[in-house]
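>>> Predicted coordinates and the sequence they were generated for:
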Number of protein chains: 2
Amino acid sequence: MHDQSHQSTSVLTDDECWEFLDLQPIGRLATAVGGVPEIFPVTFAVADRLVYFKTRPGAKLAELAVNAHVAFEADQWGPDVAYSVVLHGDAEILERDADRAAAEATGLRSYLQDGKNVWVRITPTEVSGRRLSR
Amino acid sequence: MHDQSHQSTSVLTDDECWEFLDLQPIGRLATAVGGVPEIFPVTFAVADRLVYFKTRPGAKLAELAVNAHVAFEADQWGPDVAYSVVLHGDAEILERDADRAAAEATGLRSYLQDGKNVWVRITPTEVSGRRLSR
């Protein structure tokens, strides 16, 4: 248990950020194309400090193709304490068999319907996390 | 209970989207400035189909000042069913007493530390929601 004063904010270490991400099943991907922000919830997995998720060819992928720079967020909220981790990075659709095998090895179980889904990997350039209490 | 087939996706009506948003305490705000996506978790409240949240003067507000068009998302995930609602709209810092009173009337309890917080209101231009099952 943390012993911190009422209404405090503390910054997570990189290790704490990745441990937190590893525990979360759901994150949100934000993209920016032509000045228009978009946001998509995704089920995701983490391995070797890379973020993996699956998607269907469509609007989301079109966004990524135009602007591979993405932001990604996961959070958890209790009555009095909240955690949030945000990372920025570059997203790419995995084309190589070895990359797809690494993605499959995460064991991710998504809500996507069966079909022509593709794997996307986010390679982070920065990660930051916060713990808030109220 | 819904009686839908395995791995289905259905679209929520506007009424269902707003009811869902009304039940969620936490959403994520996405902005796009200079082609760079940012994402921020916020505690929020809904009233009259407007979204209210509080923030501290700082990075988030700077984003909004440069590009008031935002995306906002809330979701809920179970083992087999997920809901997500995304809206797009324009965010503004509330300056008028009447607007701030409407925001205060939502009773929002945020994680922000006491201090010079400001109210932000998102006026939606579109809202969409999905129910996924797996």
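Received the coordinates, thanks. Numbers count the residues shown, from 1 in each chain, chains lettered A, B, ... in the order given.
>>> what bits of chain A have low per-residue confidence?
A:1-7, A:59 (pLDDT under 70).
>>> which ones are touching the closest residue to chain B within it?
Going by CB to the nearest CB, chain B is nearest to residue A:32 of chain A, at 3.1 Å. Heads up, the C-betas are built off the backbone N, CA and C, glycines and all. Residue A:32 is in contact with A:38, A:67, A:69, B:30, B:31, B:32, B:33, B:35, B:36, B:37, counting by CB atoms under 8 Å, 6 or more residues apart in numbering or on different chains.
>>> So which of those residues belong to strands?
Among those, DSSP state E puts A:38, A:69, B:30, B:31, B:32, B:33, B:36, B:37 in strands.
>>> in the sheet, who's paired with the first one?
Going back to what we said before, that points to residue A:38. Counting by DSSP bridges, residue A:38 forms beta bridges with residue A:31.
>>> What of residue A:132?
residue A:9, residue A:82.
>>> I'd guessed it sits against residue A:82; true?
Yes: assessed by CB atoms under 8 Å, residue A:132 is found in contact with residue A:82 at 4.6 Å.
>>> Please identify every residue contacting each of those two.
The contact sets of residue A:132 and residue A:82 overlap at residue B:111 (CB under 8 Å, 6+ apart).
>>> now what about the lengthiest helix in chain A, what contacts it?
The residue-count maximum for a helix in chain A (DSSP state H) belongs to helix A:14-23. If you take CB under 8 Å, 6+ apart as the criterion, helix A:14-23 is touched by A:12, A:27, A:46, A:49, A:51, A:74, A:76, A:83, A:85, A:87, A:127-129.
>>> Nearest to residue B:61 among those residues?
Here the nearest of the contacts of helix A:14-23 to residue B:61, counting by CB to CB, is residue A:128; it sits at 18.1 Å.
>>> For the closest one, give me its contacts.
Counting by CB under 8 Å, 6+ apart, residue A:128 has contacts A:11, A:12, A:17, A:85, A:86, A:87.
>>> what pairs with it across the strands?
As for beta bridges, residue A:128 partners with residue A:86 under DSSP bridges.
>>> before we move on, back to that, export the contacts of helix A:14-23 to TSV and tack on distance to residue B:62?
Conversion of the contacts of helix A:14-23 to TSV gives the following (distance: CB to CB, whole Å):
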residue	distance to residue B:62
A:12	23
A:27	24
A:46	30
A:49	29
A:51	26
A:74	24
A:76	27
A:83	24
A:85	21
A:87	20
A:127	21
A:128	17
A:129	21
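>>> Alright, that wraps it up for me.
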